[in-house]
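In: need a 3D model of the sequence below.
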Amino acid sequence: MWWHVYPLGAVGAEVRPSTPVDDRPVDHRLQRLVPWLDHVVDLGLNGLLLGPVFASSTHGYDTVDHFRIDPRLGDESDLAALVSAAHERGIRVVLDGVFNHVGREHPAFRALEEQGPGAPTAELFAVERSGWQAGDPVPVRDFEGHDILVALDHGGRAAEDLVVEVMTYWLDRGIDGWRLDAAYAVPPSFWARVLPRVRERFPEAWSSGEVIHGDAAAIVQASTMDSTTQYELWQAVWHGIADRNCFELAHAVERHDALLTTFVPTTFVGNHDVTRIASAVGERFAGHAAAVLFTVAGTPVVYAGDEYGWTAVKEEREGGDDAVRPELPAAPPAPTGLTHVHEALIALRRRNPWLHRAHTDVVHLTNTAVVLRTATADAAVVTALNLADDPVEVPAADATRVEAGGGDLRDGTLRLPAAGWAVLTA
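Out: Numbers count the residues shown, from 1 in each chain. Just a heads-up that it's a prediction; the model follows:
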């Protein structure tokens with residue numbers, strides 16, 4: 001179960017500096033995350049999912065050197081110290097692998113701009129070579145219209161070898177796995193060539209691809225990735241709660257359930273690319289979202305600050321992500337009520353590790369109330385949500401004990417207060 005942090009923002013680094021990468025002094029900011037590791041443990045989580053840490057021009061996703069820590073964060077020794085401190089606490093570490101594209105300032109692409117089709121790095125990039133001559137602008141594919149992000153050629157051996165080298169380099173230095181950025185934009189056949197080569201040396205390394213749309217089960221089967229991000233469930237939690245439409249949430253839970261025959265999705269209700277869940281659903285419903293996250297199947301991820309109920313809205317403009325990627329305080333603040341909710345839900349999940357891959361049934365459903373029962377033959381966890389401004393009575397689905405949230409349980413019925421929720425066990 002992961003705690004996800006965006007390092008450049010979290011440590012207060014300048015995201016859009018004017019100084020070229022090679023001229024930036026090394027600032028050992030990455031160590032500022034070490035005091036937060038005990039907070040991760042206190043929550044009950046056991047994984048640290050780091051956003052981009054490699055040298056880049058701006059926000060971290062325009063990489064210029066996959067083998068160098070961004071000088072705004074420090075150097076390789078700083079990452080080694082962070083990984084060591086995490087491992088001492090039983091926390092695994094995953095890095096963000098941006099392998100669909102690189103930044104336009106990457107030396108390999110600069111060589112291509114300067115030397116044209118004859119450059120030794122030409123095979124690395126997705127270039128339209130017809131009619132292209134030295135001195136012409138490079139007709140390279142970009143990532144979703146962002147001209148600073150130039151696409152790699154995933155059909156060729158050069159990109160495959162580069163990615164294998166990068167992944168194994170950092171796994172050899174102690175990390176435990178990879179988040180594969182923009183994996184949906186990369187042909188599954190590319191991952192199917194890369195990941196087995198990585199597993200030859202690091203069979204325990206975990207990989208989860210960022211997949212926003214598409215047939216996730218088919219992508220996992222074709223790519224050999226261990227998991228993909230579950231954006232459909234995130235969207236249903238957000239819209240289902242915000243729009244008071246439990247039918248949308250129930251439908252997504254059923255579709256989520258169907259994925260379990262193939263793989264266990266990476267689940268979340270917040271990340272560095274989306275509006276904070278407390279802003280999306282309203283602060284009084286953030287606990288409802290957390291209850292779903294930790295009681296349905298999946299590998300859950302908590303985005304740093306969501307456990308405190310931090311708010312921020314993503315905007316579609318330059319810098320529109322900054323609000324959801326804030327600098328962290330020097331030390332974790334005092335727990336809030338929502339922090340304690342996360343602790344209780346995570347503790348419940350640790351006591352019931354079978355929740356990782358257990359199926360969920362929808363046992364009660366109206367526009368503003370839903371009861372989910374996640375179970376095996378021997379145990380069950382029941383999650384009941386009330387989105388209405390009035391109390392409601394719902395079936396307890398054979399549950400006998402309230403573990404988190406609040407409700408009056410008697411005679412097989414659970415009475416939830418207005419805008420209330422509860423998680424129960426049988």
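
In: distance from the chain centre to the helix or strand hosting residue 93, please.
Out: Element membership for residue 93 (DSSP states H and E) is strand 92-97. With C-alpha atoms, centre = their mean, to the nearest Å as the basis, the distance from the averaged C-alpha position of strand 92-97 to the chain average is 10 Å.

In: each with direction, which strands does it pair with?
Out: Strand 92-97 has the following strand partners under DSSP bridges: strand 47-50 (parallel), strand 177-180 (parallel).

In: where do the helices sit along the stretch 301-426 of the chain?
Out: 337-351 (DSSP state H, counting those that start in this stretch).

In: and the contacts of the strand holding residue 93?
Out: Counting by C-beta atoms under 8 Å, 6 or more residues apart in numbering, strand 92-97 makes contact with 2, 46-53, 60, 82-83, 86-87, 163, 166-167, 170, 174-181, 206, 208, all of which sit outside it. Every C-beta, even on glycine, is put in place using the N, C-alpha and C of the backbone.

In: ok so, going back, can you add distance to residue 265 and mean neighbour count and give the strands paired with strand 92-97 back as TSV?
Out: Formatted as TSV, the entries for the strands paired with strand 92-97 read as follows, by distance: least, C-beta to C-beta, whole Å; neighbours: other C-beta atoms under 10 Å:
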stretch	distance to residue 265	mean neighbour count
strand 47-50	15	25
strand 177-180	13	26
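
In: could the ones you listed be laid out in a markdown table, adding mean pLDDT?
Out: As requested, these are arranged in a markdown table below (pLDDT from 0 to 100):
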| stretch | mean pLDDT |
| --- | --- |
| strand 47-50 | 98 |
| strand 177-180 | 98 |
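
In: same list, those, but as a markdown table with distance to residue 332 please.
Out: Compiled in a markdown table, the strands paired with strand 92-97 are given as follows (distance: least, C-beta to C-beta, whole Å):
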| stretch | distance to residue 332 |
| --- | --- |
| strand 47-50 | 14 |
| strand 177-180 | 23 |
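
In: of the ones you listed, which is nearest residue 389?
Out: strand 47-50 (36.3 Å; C-beta to C-beta).

In: let me know the pLDDT of residue 201.
Out: According to the per-residue confidence, residue 201 scores 98 in pLDDT.

In: how much space between it and residue 195?
Out: Note on residue 201: its distance to residue 195, by C-beta to C-beta, to the nearest Å, is 12 Å.

In: and these two? Which one has more around it.
Out: residue 195 (22 against 12; other C-beta atoms under 10 Å).

In: how about that one, what does it touch?
Out: Residues counted as contacts of residue 195 (C-beta under 8 Å, 6+ apart) are 207, 223-225.

In: how about the contacts made by residue 396?
Out: Listed by C-beta under 8 Å, 6+ apart, the contact partners of residue 396 are 382, 384, 409, 412-414, 424.

In: same question, residue 106
Out: Contacts here follow C-beta under 8 Å, 6+ apart; on that basis residue 106 touches 63-65, 150.

In: return the member of those residues nearest to residue 249.
Out: When these are compared for distance to residue 249 (C-beta to C-beta), residue 63 comes out closest, at 36.7 Å.

In: how near is the closest one to residue 239?
Out: When residue 63 is compared with residue 239 (using C-beta to C-beta), they lie 33 Å apart.

In: neighbour count: these two, which is higher?
Out: More neighbours surround residue 63 than the other of residue 63 and residue 239, with 25 against 16 (other C-beta under 10 Å).

In: about what we covered before: give me the buried subset of the contacts of strand 92-97.
Out: 2, 46-53, 60, 82-83, 86, 163, 166-167, 170, 175-181, 206, 208 (16 or more other C-beta atoms under 10 Å).

In: quote the end-to-end distance of stretch 263-277.
Out: Its first and final residues considered, stretch 263-277 spans 25 Å by C-alpha to C-alpha, to the nearest Å.

In: hmm, back to that, okay, and which of the contacts of residue 195 map to helices?
Out: Counting by DSSP state H, the part of these found in helices is residue 223.

In: output the contacts of residue 195 in JSON lines, with pLDDT and neighbour count appended to each entry.
Out: Converted to JSON lines, the contacts of residue 195 look like this (pLDDT from 0 to 100; neighbours: other C-beta atoms under 10 Å):
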{"residue": "207", "pLDDT": "98", "neighbour count": "23"}
{"residue": "223", "pLDDT": "98", "neighbour count": "24"}
{"residue": "224", "pLDDT": "98", "neighbour count": "16"}
{"residue": "225", "pLDDT": "98", "neighbour count": "23"}
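
In: which among the contacts of residue 195 gets closest to residue 24?
Out: Closest to residue 24 out of the contacts of residue 195 is residue 207 (30.3 Å), distances taken as C-beta to C-beta.

In: and that closest one, how far from residue 135?
Out: Distance from residue 207 to residue 135, counting by C-beta to C-beta: 40 Å.

In: residue ranges with poor pLDDT in the stretch 51-200 of the chain?
Out: Low-confidence segments of the stretch 51-200 of the chain, defined by pLDDT under 70: none present.

In: what ranges do the helices span in it?
Out: Along the stretch 51-200 of the chain, the segments classed as helices by DSSP H, counting those that start in this stretch run 76-88, 107-115, 157-171, 188-201.

In: relative to helix 157-171, how tilted is the second one?
Out: Relative orientation of helix 107-115 and helix 157-171, computed by axes from the mean of the first three to the mean of the last three C-alpha atoms, to 10 degrees: 150 degrees.

In: for helix 107-115, packing partners?
Out: Judged by 3 or more C-beta pairs under 8 Å, 6 or more residues apart in numbering; DSSP states H and E, the packing partners of helix 107-115 are strand 101-103.
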